[in-house]
Structures are given as structure tokens and as C-alpha cells.
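Undergrad: 3D model of this:
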Amino acid sequence: MQKVAIVGAGLAGVSLARAVAGRAEVTLLEKSRGPGGRMATRRAGPFEFDHGAQYFTVRSERFRSELEPFLASGLVRPWSGRVVRLGPGSEPGDAPSDTTRFVASPRMNALVKELAADLDVRTSVQVTSLERRADGWRLSDAEGGTHGPFDWVVSSAPATQTAALAPTGFSGAPALDAVRMRGNFTLMLGFETPVEPGWSGAFVEDSLLGWIALNASKPGRPPGASLVVQSTNGWAEAHLEDDGDSVRARMMEALNDLTGIDGRGAVHVSLHRWRYADTPDPAGKPFLMDEALRFAACGDWCLKGRVEAAFTSGTALAGALPL
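TA: Purely as a prediction, here's the structure:
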């Protein structure tokens, strides 16, 4: 049985690993403390924040079929909270949606953790380089460790990180180099008293903010007043290297102007910078694979920066890998 290393244990990497587990010996190497990728949740005392992906939709029958047991068990649930459009100086109006918004419960990272439960996931391992030897691929990590040998290496990391790992001569390099991703800031505010703006989530227009959500409005969440505030990708790109205090102050000011919510009254304040959160220019194909080098790549950035795209990319590559 061939050995496959997958760099990254987000939904794309975990979906790939599950799909090939019966045909190969799979090891996932994840730089964070657990699987999930941008389907992430942060806990701070009584507060919880889904600080990456806010929800997901289901468009394909294959993704719906994969989710059926989790819908039946309640691990995946519809989010029926009121979602509005919000702009400076205007009253919030309901945001139209022709699809159901879903979340994992009790927190966003629960779905990927459940999918990864029976897989070999090695966390806190940041892969920094690859070397192909006579017996296969060897991977080096940031702590000086080595992993391998492997017959195949797949990167499910963001496109920029995948490009840094890809071997010389990788046939997917032109498509990979054409991918453009953008960052995002997530401001997390926890309040001792309830925050009641009259809606559960808001798409923001004409502002440096792009999204605001009451985390407790999602199914299964604790009742604490946890507010998730996300910047637009364009504003984040222009300010990715700014001082964190400056970013927090600007986002709090915009929040107050839009909603009257004063973030200075929060008892918990934290900021997370996502360098790769959106893909305006995807690769345009489900995956990239070089059979001669035995190196491949997958991720939501191959198709479109959303949750279902990560699943689609990982499972499509699983069907193509010659194992």
C-alpha cells in the first residue's frame, strides 16, 4: 500500500484523506493544534467565536450526501437566524437568500474534527520543505524534524504556501502562480451584558467591515454575548501588516458607527489575522497533479473560496490519484 502525506488538515485535506484511506496509508501534517483550517472556533472563558468561516451552503448532491449522517445527528444544523444587509446611515434590511445556511454544532470546527477522528493527523507540524530521494519524499518541519518516506505528497495549504513547497518543474505551477488570495481580520468581542441589535448576522456595505455576527445565535452555541466582526478582504489586504492596536481601533470605530455597539465596553477583545481567506482568482480546476513528480495540490482556492469548494477539490483529487 502506498504512503501519502497530506500537508494541511482543513476540510480539503481531510476529505481527500477519508476518500483514499482504503487505498493508501495516509498521514496528515497540520501546523495548528487541531484540524479544521478556516472552519475555526476560538474559546476564551465563557465566550466562543467562530472566527473563520461563518456558515456554509450545500449546492452539490455529493456534498449533501456526505453531510446526511451529520445532519441526522445534529452535528450539522441549519442556521435560521435573521441575516440583514447593513450600511452607514441606513436601517438594516433582510438579506435575500435562496439557499439554506448551515453551521457545524456546537462549534464550527466540529465537522472537520469528526471527519478526521479516525485519521492519522499529526498536529503542530509546520512543513517547511520537501526532498525527493530514491526511497520517496521526505518532509522537513520547522522544528528540525523529518517525516517519510512517502510515495505521494499533497499540499492542501493555501496557494501561496503550496507554491513555496512545490518541487521544481511541477506541472501545475502556472495555474498555481495565477491564483490570487486575499486576507481578512476577525475582531472578537465578548460582553458581560447581552448585545441585541435585532439581527443575528449582517452583511455590511460601504464600510471597512464586511460581516458582523452574534455567535450565540447559531445552533448549539453557549449563550454568552460573543460578537464576531470581520473586515472586508480589500481593506485587510491594504492593512495586513498594520499594528494590531490600530486595526482593532479602526474596526471598533466602524462597528460603533454602524450599530451603536461600543467595543470598548467588551471584557474580552482579540484580533485574528487571516492571510489567506478569500480567492478572487482561483486556479479554475478542481486540483493540480503531477504524476511524474508524485506531487499534487487541492483546496478551496482551486475552485472558489468557500467550504463546499474545499470538499469538492479534495474528493476530486482522491478520484484521480493513481494509488
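Undergrad: Listing request: residues of the stretch 51-200 of the chain with sub-threshold pLDDT.
TA: Residues of the stretch 51-200 of the chain meeting the criterion pLDDT under 70: none.
Undergrad: other SSEs contacting whatever helix or strand residue 66 lives in?
TA: Per DSSP states H and E: residue 66 is located in helix 61-73. When contacts are defined as 3 or more C-beta pairs under 8 Å, 6 or more residues apart in numbering; DSSP states H and E, helix 61-73 packs onto strand 76-78, helix 307-320. No exception for glycine: its C-beta is placed from N, CA and C like everyone else's.
Undergrad: now the angle between helix 307-320 and it, please.
TA: Relative orientation of helix 61-73 versus helix 307-320 (axes from the mean of the first three to the mean of the last three C-alpha atoms, to 10 degrees): 120 degrees.
Undergrad: In helix 61-73, which residues are buried?
TA: By neighbour count on 16 or more other C-beta atoms under 10 Å, the buried set for helix 61-73 is 63, 66, 67, 70.
Undergrad: Please name the nearest non-neighbouring residue to the last one.
TA: Pointing back at residue 70 there. Using C-beta to C-beta, 6 or more residues apart in numbering and skipping residues adjacent in sequence, the residue nearest residue 70 is residue 76, 4.2 Å away.
Undergrad: Residue 18: which of the helices and strands packed on helix 61-73 is closest?
TA: Nearest to residue 18, of all the helices and strands packed on helix 61-73, is helix 307-320, at 8.1 Å by C-beta to C-beta.
Undergrad: List the buried residues for that closest one?
TA: Judged by neighbour count (16+ other C-beta under 10 Å), helix 307-320 contains these buried residues: 307, 308, 309, 310, 311, 312, 313, 314, 315, 316, 317, 318.
Undergrad: Output whichever helix in the chain runs longest as CSV, restricted to C-alpha atoms.
TA: Across the chain, the longest stretch assigned as helix under DSSP state H is helix 244-259. Extracted as CSV, the C-alpha positions of helix 244-259 are listed here (Å, rounded to 0.1, in the frame of the first residue of the first chain):
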residue,chain,number,x,y,z
GLY,A,244,-2.9,45.2,15.7
ASP,A,245,-3.9,48.0,18.1
SER,A,246,-4.5,50.3,15.1
VAL,A,247,-6.6,47.6,13.3
ARG,A,248,-8.7,47.0,16.4
ALA,A,249,-9.4,50.7,16.9
ARG,A,250,-10.4,51.2,13.3
MET,A,251,-12.8,48.2,13.3
MET,A,252,-14.3,49.2,16.7
GLU,A,253,-14.9,52.7,15.4
ALA,A,254,-16.7,51.3,12.3
LEU,A,255,-18.7,48.9,14.4
ASN,A,256,-19.9,51.8,16.6
ASP,A,257,-20.8,54.0,13.7
LEU,A,258,-22.8,51.2,12.1
THR,A,259,-24.6,49.7,15.1
